[in-house]
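S.K.: give the three-dimensional model of this entry:
(chains A and B)
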Protein chains: 2
Amino acid sequence: MPTESSPRAWEQVLSHLERRLVSGELVPGRRLPGERILAAELGVSRSSVREALRVMEALGLLKAQTGSGPTAGAMIVARPTGGMAMLIRMQVAAQGFPVSDVVKTRLVLESEVMHLLASQRPAPDLSAAIELLESMDDPGLSPEEFLILDAHFHLALAHAAGNQVIAAMMTGLRESIESYVLAGAPVDSWPTTCTRLRHEHRELVDAVTAGNIELARQRIVDHIHGYYSESTRSGH
Amino acid sequence: MPTESSPRAWEQVLSHLERRLVSGELVPGRRLPGERILAAELGVSRSSVREALRVMEALGLLKAQTGSGPTAGAMIVARPTGGMAMLIRMQVAAQGFPVSDVVKTRLVLESEVMHLLASQRPAPDLSAAIELLESMDDPGLSPEEFLILDAHFHLALAHAAGNQVIAAMMTGLRESIESYVLAGAPVDSWPTTCTRLRHEHRELVDAVTAGNIELARQRIVDHIHGYYSESTRSGH
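M.R.: Residues are numbered from 1 along each chain as shown, chains lettered A, B, ... in the order given. Here you go, the predicted model:
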């Protein structure tokens, strides 16, 4: 066993890696040095290095390394969505975040996306979102498959609106409480729900394309309220 | 050295702790079992347990344990602000989040806070925020001290508005780029800036107290734009 490292050694490693990210020496796509090398460079135990790397992985900054050679370090990425979802989900679990605050914040951010899209002239490119709508018309989809595409549709709108932070937060908010929604959704009424969601999605795109800001905002508010009210009726 | 644990063992530990949080068996204020006990319970190495605990600490769910007995585990907390700030700061560092998107998102959330406060009748209790304004009148404050109180003032408004998720995100957004703002702020003009910020803060409170939603929103937008434009003028 390695000697127990100083309690805050992992934070030193994290700060060191943050500085190398800020300086541009480390960029997404590049590999970190291996654990052993980092530990020697920084004068900390490998165990402290590994703890810092796990934190970076959980925050969406490192890709888990599988099957690479023994000297290869983990790959730098910049995928904030996963980290944001994990953070919000864990805070909901620890009761730091009430579910109702999560839903309200999602409403604020999705409304802003609608506002940004509908006020953009010429109309923004919604082809990625529209392609997802077409995939969602497949009658063979399971509810789980449909809802994954549904989440991608909302994310595609956020990306079209051009704000990466809003896109990550919105998706993190949704993902963080999706398991409660799925658990609470009444199975019987799925065909009706699914038809309604398909219709509402097309109406969202229509309002954006028409440049009708108020209509687009109203429709997203109704759409999200409807989504959660159906599951909360079953007790969540 | 312990045997290298399975790459995903730390995620199993995290999921296990999440389930115990969701079930209410673990709540803020309670201590986790010690590392050794958790490792034995879950059949993973202590090193994997430690990695999961570091992730929880970084996400604002565990308090670092100092000076407690050898059998005591870390304390569960629910402090999302620190975790949110770290996530956003690291994503800015890794270029996952452009600084301009961070500022725009802060504007959206702070505008929502103003909207919530100004539309609340009877007028919300702003005593915590007003007390901070009085502390900020102290002419002996350094810029750093002033800006810490300033951040607390904005957080006090968010808490008064009653949405914990918005409060944590807003603060995380601000903290994540505060070091750039401080680095870019022209030192010479601090007395002028400080006087302006004091004045603007009081105007925000006045607009909320008067229940003037549009004025409150306009003032927060101008206030935040002013805050960042001063530092960006110096190249950030």
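
S.K.: run through who's touching stretch A:106-119.
M.R.: The contact list for stretch A:106-119, computed with Cβ atoms under 8 Å, 6 or more residues apart in numbering or on different chains, reads A:124, A:126, A:154, A:157-158, A:160-163, A:166, A:169-170, A:173-174, A:204, A:207-208, A:210-213, A:215-217, A:219-221, A:224-225, B:105, B:108-109, B:112, B:166. C-beta here means a position set from N, CA and C on the backbone, and glycine is covered the same way.

S.K.: for stretch A:221-230, that is, sorry about that
M.R.: Under the criterion Cβ under 8 Å, 6+ apart, residues A:103, A:106-107, A:110-111, A:181, A:184-186, A:189, A:193, A:196-197, A:200-201, A:204 lie in contact with stretch A:221-230.

S.K.: give the buried residues for stretch A:119-138.
M.R.: Along stretch A:119-138, these residues count as buried under the neighbour rule (16 or more other Cβ atoms under 10 Å in any protein chain shown): A:Pro124, A:Leu126, A:Ala129, A:Leu132, A:Leu133, A:Met136.

S.K.: and the residue nearest to the fourth one when sequence neighbours are not counted, how close does it get to A:Arg198?
M.R.: Distances taken as Cβ to Cβ, 6 or more residues apart in numbering or on different chains put A:Phe153 closest to A:Leu132, at 4.4 Å, once the chain neighbours are dropped. For A:Phe153, the distance to A:Arg198 (Cβ to Cβ, to the nearest Å) stands at 10 Å.

S.K.: overlap of the contact sets of those two?
M.R.: Joint contacts of A:Phe153 and A:Arg198 (Cβ under 8 Å, 6+ apart) are A:Leu133, A:Met136.

S.K.: okay, those two: which has more neighbours?
M.R.: A:Phe153 (21 against 15; other Cβ atoms under 10 Å in any protein chain shown).

S.K.: hmm, who's touching the strand or helix carrying the more buried one?
M.R.: Assessed by DSSP states H and E, A:Phe153 sits inside helix A:143-161. With Cβ under 8 Å, 6+ apart as the test, helix A:143-161 has contacts from A:81, A:109-110, A:112-114, A:116-117, A:120, A:124-126, A:128-129, A:132-133, A:135-136, A:141, A:166-167, A:170-171, A:174-175, A:178, A:182, A:185, A:187, A:190, A:194, A:197, A:201, A:204, A:208.

S.K.: and the contacts of stretch A:106-119, which of them are in strands?
M.R.: Using DSSP state E, no member of those falls in strands.

S.K.: who are the contact partners of the residue nearest in space to the middle of chain A?
M.R.: In chain A, the centroid-proximal residue (Cα atoms, centre = their mean) is A:Thr81; its distance is 3.0 Å. Contact analysis of A:Thr81 by Cβ under 8 Å, 6+ apart lists A:Gly60, A:Leu155, A:Ala167, A:Ala168, A:Thr171, A:Gly172, A:Glu175.

S.K.: change it to 7 Å
M.R.: Taking Cβ atoms under 7 Å, 6 or more residues apart in numbering or on different chains as the criterion, A:Thr81 is in contact with A:Gly60, A:Ala168, A:Thr171, A:Gly172.
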